[in-house]
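>>> just a sequence and a predicted model for now, questions to come.
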Amino acid sequence: MITGRAKLGIIGCGKMAGAMLARWLDCGALAPGDVVACTGSDASAAAVAARFGIACGTDAQAVVADAATVLLAVKPQLRAGVVAALQPRPEQLWLSVLAGVTTTTLELALPGAQVIRLMPNTPVRLGHGLVALTPGLTAQPDAIATARALLAPLGTVVDVTEGHVDAFTAVAGSGPAYVFLFLEALTAGGIAQGLEPATAALLAQETLLGSALLAQAAGRPPVELRAEVTSKGGMTQAALNVFDDRQWSQTVTDAVAAAVGRAAELARG
Ligand SMILES: NC(=O)c1ccc[n+]([C@@H]2O[C@H](COP(=O)([O-])OP(=O)(O)OC[C@H]3O[C@@H](n4cnc5c(N)ncnc54)[C@H](OP(=O)(O)O)[C@@H]3O)[C@@H](O)[C@H]2O)c1
C-alpha cells in the first residue's frame, strides 16, 4: 500500500466528508496532521482548516499527491470536471461517496487507482452511521481491509453490491431526512396539543431514540413491539387508525421507491 505524508486526502470537504472527518478526529482514529483536504473556494477551504485544524486548500492534485488514501466527496455533478484533471498515484486507494456514480465509472476515470464506492449517512458524525461498502474490480484485499479499518469508527459497515446501492441509499442514505421529518411532525403534534415547543421537541426526540434502541435490543420485529404499546380501543389505537386511514406505511414504501427512481434518472443524466 502506498503511503504519502498524509494518511487521508479529502477532495470536497462539505457536509458528508465533514461529518466523517469530525468523527475520525473526535474518536482519535485520525489526528489533524494525518489529513489534507481541498474544497472549491478559498473561503470554504479556510473555514474547513479553521474548523478541523487540518491543512486545506483548493488544489486537488496536491491532495492526491500527498495522501495514501483519497476520499472523493464533491457533488456528483462536479465529478467529471474535478476528476478529469487528477492523476491518481499507482494503486492509490480512492474512496468515493458520490451518489449515483458506479465503481465502473470511477475506475474508467481513475486509471491505476484502487476504487471503493461508499454510501455513508450523516449519523456517522456520532459513530452511529451506516456505510455501504462496494469495492470496484481494481480494489485488492489489503485496500478493502484498509477501508474497513478506516470506516469502523463511523458505525456499521455493510457490504452492498452495485445493484443494491440505490436501495441502500434510499433507505439509509436518505433515511435520516425521513426520520427528521417524522421528528418535526411529532413535535408539531405535541405543540398543537398545547405543549411548550422545547418540551414537545424533547419528547419526540427521546421517543424516537428510545424506540430505536428498544427495537435493536429486543431483537423482535417492530410489529410485535408496536402491539405491546397498543391496547384495543385505546389512545394509541386511535392514533394508529389515522396513520392507517392515510396509508402511512404505503406512503413510506412509495417514498423509498421514489428515491430509487430518482437515482435511476440521475444516472441517466
Ligand atoms: N449529505 C449527505 O447526507 C450525503 C450522504 C451520502 C453521500 N453524499 C455524497 O457526498 C457528496 C458531497 O455531498 P455534500 O452533501 O457533502 O455536499 P457539499 O456540502 O456541497 O460538499 C461538497 C464539497 O465539495 C467542494 N468542492 C466544490 N467544488 C470543488 C472542486 N472543484 N474541488 C474540490 N472540492 C470542491 C465544496 O466546496 P465549496 O463549499 O467551496 O463549494 C464542498 O466542500 C455528494 O457526492 C453526495 O452524493 C452525501
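Alright, I've got the coordinates.
>>> give me the nearest residue to residue 112, chain neighbours excluded.
residue 90 (4.9 Å; C-beta to C-beta, 6 or more residues apart in numbering). The C-beta positions use only the backbone N, C-alpha and C, and glycine is treated the same way.
>>> what does stretch 200-213 rub up against?
179, 182-183, 186-191, 195, 225 (C-beta atoms under 8 Å, 6 or more residues apart in numbering).
>>> that one - what's its average pLDDT?
Average pLDDT, stretch 200-213: 97.
>>> quick one on the thing from earlier: just the buried residues from the contacts of stretch 200-213, in ChimeraX please.
To isolate the buried ones among the contacts of stretch 200-213 in ChimeraX, judged by 16 or more other C-beta atoms under 10 Å, type:
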select :183,186,187,190,191,195
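>>> for the contacts of stretch 200-213, which one is nearest the ligand?
Of all the contacts of stretch 200-213, the ligand sits closest to residue 179, with 12.4 Å by C-beta to the nearest ligand atom.
>>> on the three-state scheme, that closest one is what?
Judged by DSSP: H, G, I helix; E, B strand; the rest coil, the three-state class of residue 179 is helix.
>>> return the distance of the residue nearest to residue 112 relative to the ligand.
Applying C-beta to the nearest ligand atom, to the nearest Å, one obtains 22 Å for the distance of residue 90 from the ligand.
>>> skipping adjacent residues, who's closest to the residue of the stretch 51-200 of the chain found nearest the ligand in space?
For the stretch 51-200 of the chain, the residue closest to the ligand is residue 99, as judged by C-beta to the nearest ligand atom, at 3.2 Å. Among residues not flanking residue 99 along the chain, residue 76 sits closest, at 5.5 Å (C-beta to C-beta, 6+ apart).
>>> so of the contacts of stretch 200-213, which two are at opposite extremes in space?
Using C-beta to C-beta, those reach their maximum pairwise distance at 191 and 225, which is 26.3 Å.
>>> could you chop this protein up by domain?
Annotated domains of the chain cover 6-172, 175-268 [automatic domain parsing].
>>> quick one: end-to-end length of the shortest one, please.
Right, domain 175-268. 23 Å (C-alpha to C-alpha, to the nearest Å).
>>> start at 52 instead
With 52 as the first residue, the last one maps to domain 226-319.
>>> near the ligand, which residues of the stretch 202-320 of the chain?
Counting by C-beta under 6 Å from any ligand atom, the positions of the stretch 202-320 of the chain adjacent to the ligand are residue 224.
>>> can you give me the helices in the stretch 202-320 of the chain?
Applying DSSP state H, counting those that start in this stretch to the stretch 202-320 of the chain gives helices spanning 216-219, 226-243, 248-269, 273-280, 286-296, 299-319.
>>> out of those, indicate the one that is most buried.
helix 216-219 (a mean of 20; mean count of other C-beta atoms under 10 Å).
>>> noted, bye for now.
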